[in-house]
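In: I need the structure of the sequence given here:
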Amino acid sequence: MGDLVAELVDDVGRFKKVLDRAFPGEQIDEADLEARREKMRRSRAKARSDEARAKGDQPVEADSKALVPTDAETEVARLQEEARGKHTLYAVTARHNRTKPFSSDFVGHAQAVRVTLPPTLEAAQPIWTHYGVVKKDDHLAFSIEEIVAGHAERFGRRPKVERVDLITGARHHDLDRFAPLSVFLAYEHADDDVPIFYVYESGSAQGNPAKLYWAEALDATIIDTAGFLFTPFARVNNIYKGRLIMNRAKTEPSLLSINIALDEDFEKHYIQITASYAVVEPGPVYWPITTQIEAAMRVFAIAQGMGCELELWERGFAQLGRSTLDWITEPPHRGKPQGYSGCSQ
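Out: Now for the predicted structure:
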C-alpha cells in the first residue's frame, strides 16, 4: 500500500482529481497537496536510509539529500516528540455496515487524541500532541464558552460546565488530518471524571469540520440531519441517529454509533457506522494521507456498485480497492442505486 500511496501522491494533479471526485463536499488546495507530497518523500527516504544502515549498507545519494529537513519540519517534529505521553491516545476502529441498496461492510482504522479546551476562543492556542497539532481552525467549536452557548441555544437551558475535553484526529506535522468523527465531552466540574453531556462533530476526509450534533445529556440519542456531503452518494438531508456509549465507569468513550436513513421514520435506514475507542500507549504515528486514499478507493468501489457514472481510471481505482483492501462484505461490481445514491448515473 505504501508504494501505491507514494505513486499517487507524486502526481499532485492526479491526486487532487481523485480527492475531488471521491469527496465532493470540499475544496482541495493543490499547494497543500504539494506540501504533503514533499513531507512524504522525506519520510520514505528516511525509512529507506534507516533500512540500508540496518543492513550495513550506505544509503543511496538521492535519499541522503532528501533527508535534510527544513527548519519548519525540524520544529514540528520536535513539538510532536516533546508531547509524547502528555495526552490520552486512542486507536479508533470504524465499521461501515451498509445494507441498502446492497450489502457492503468494512472496517477502517484511525488515531485520535484527547485534549482539554480553553475557557474562551480568544484564549485558544494550538495544542501539540504525539499525533500532531489540534487547533481551532479544524473545529466548529474550540472552547468551553462555545459548547455551553451551543447547548443552551439547542435545549433552552444554560448548563454549568467547567471543563470540555475534545477527542479528535490531530493534524500530523501540521499538514494532514483524517477525522470524520470527533467527540466533545462536557464536565460540570473541572476535576470530574464523568461528563454530563456530549457533542459529536462530523468532518471531511481532508480533516475539515462539517457539522456539530448536540446531545442534551450523556445518555441521550442524537437525531439530526446530516448537513454535509461526505461522499458522492450522500445527501445533506439524510437523517442521522447517533449515540455515544461510555465504558462501565463512564470515564472513556467505548463506542460512537451512527445510523443513517433517508427518512425521519427510519423506514429507509441504509447504513450503520460505529467507531470504537481503545486507549493506547504512544507508538508509531500513521500518515492520515494513507487513510484518505484508502477511503477514496472504497468510495469508488461502492460507487461502482451503485451504478454511478465513473471514468475508466475511476473504475480501475475501484477495482484496486477491492483487490488491495480487506472487506467483510465486498460491494457488487455493478448495480442500481434504488434511491439510495445522489451520484450521477
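In: quick check, Gln17 in a helix?
Out: Quick fix: residue 17 reads Lys, not Gln. Yes: residue assignment for Lys17, taken from DSSP: H, G, I helix; E, B strand; the rest coil, places it within a helix.
In: distance of it from Glu252?
Out: Counting by Cβ to Cβ, to the nearest Å, the separation of Lys17 from Glu252 is 40 Å. (Each C-beta comes from the backbone N, C-alpha and C, glycine too.)
In: can you give me the helices for the stretch 151-300 of the chain?
Out: Along the stretch 151-300 of the chain, the stretches classed as helices by DSSP state H, counting those that start in this stretch are 288-306.
In: for the stretch 1-150 of the chain, that is, sorry about that
Out: Read by DSSP H, counting those that start in this stretch, the stretch 1-150 of the chain holds these helices, from start to end of the chain: 2-10, 12-22, 30-54, 61-66, 71-82, 144-155.
In: quickly, which of those bottoms out on average pLDDT?
Out: Among the helices of the stretch 1-150 of the chain, helix 61-66 carries the lowest mean pLDDT, at a mean of 50.
In: what does stretch 139-150 contact?
Out: When contacts are defined by Cβ atoms under 8 Å, 6 or more residues apart in numbering, stretch 139-150 is touched by residues 117-121, 123-124, 135-136, 158-159, 161-164, 166, 168, 182, 184, 186, 199, 201, 209-212, 214.
In: now do the same end-to-end measure for it.
Out: Stretch 139-150 has an end-to-end distance of 14 Å (criterion: Cα to Cα, to the nearest Å).
In: that older thread, for PyMOL, write a command that selects the buried ones of the contacts of stretch 139-150.
Out: One line in PyMOL is enough to select the buried members of those, burial here meaning 16 or more other Cβ atoms under 10 Å:
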select buried, resi 117+118+124+135+136+161+163+164+166+168+182+184+186+199+201+209+210+211+212+214
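In: where does the protein have its least confident helix or strand?
Out: Taking mean pLDDT, DSSP states H and E as the measure, helix 61-66 is the helix or strand of the chain with the lowest mean score, a mean of 50.
In: Gln319 falls within a strand, correct?
Out: No: under the criterion used here (three-state DSSP), Gln319 is helix, not part of a strand.
In: and it, what does it touch?
Out: Neighbours of Gln319 in contact, by Cβ under 8 Å, 6+ apart: Ala301.
In: name the spans of this protein whose pLDDT lies under the cut-off.
Out: 1-9, 25, 40, 42-53, 57-69, 344-345 (pLDDT under 70).
In: swap in 50 and give it another go.
Out: Across the chain, residues meeting the criterion (pLDDT under 50) sit at 63-64, 345.
In: and the residue nearest the centre of it?
Out: When Cα atoms, centre = their mean is applied to the chain, the residue found nearest the centroid is Ala179 (2.1 Å).
In: what sits closest to it if chain neighbours are left out?
Out: Sequence neighbours aside, Gly169 is the residue nearest to Ala179 in space, at 3.1 Å (criterion: Cβ to Cβ, 6 or more residues apart in numbering).
In: what about His189, neighbour count?
Out: When neighbours are defined as other Cβ atoms under 10 Å, His189 has 11 of them.
In: that one touches Glu162, doesn't it?
Out: Yes: the pair His189 and Glu162 passes the contact test of Cβ atoms under 8 Å, sitting 5.3 Å apart.
In: list residues touching both of the two?
Out: Common neighbours of His189 and Glu162 (criterion: Cβ under 8 Å, 6+ apart): none identified.
In: what backbone torsions are found at Asp191?
Out: phi -100, psi 10 (degrees, to the nearest 10).
In: how many residues are close by it?
Out: By the measure other Cβ under 10 Å, the count of residues near Asp191 is 7.
In: and it, how close does it get to Glu264?
Out: Here the distance between Asp191 and Glu264 works out to 40 Å (Cβ to Cβ).
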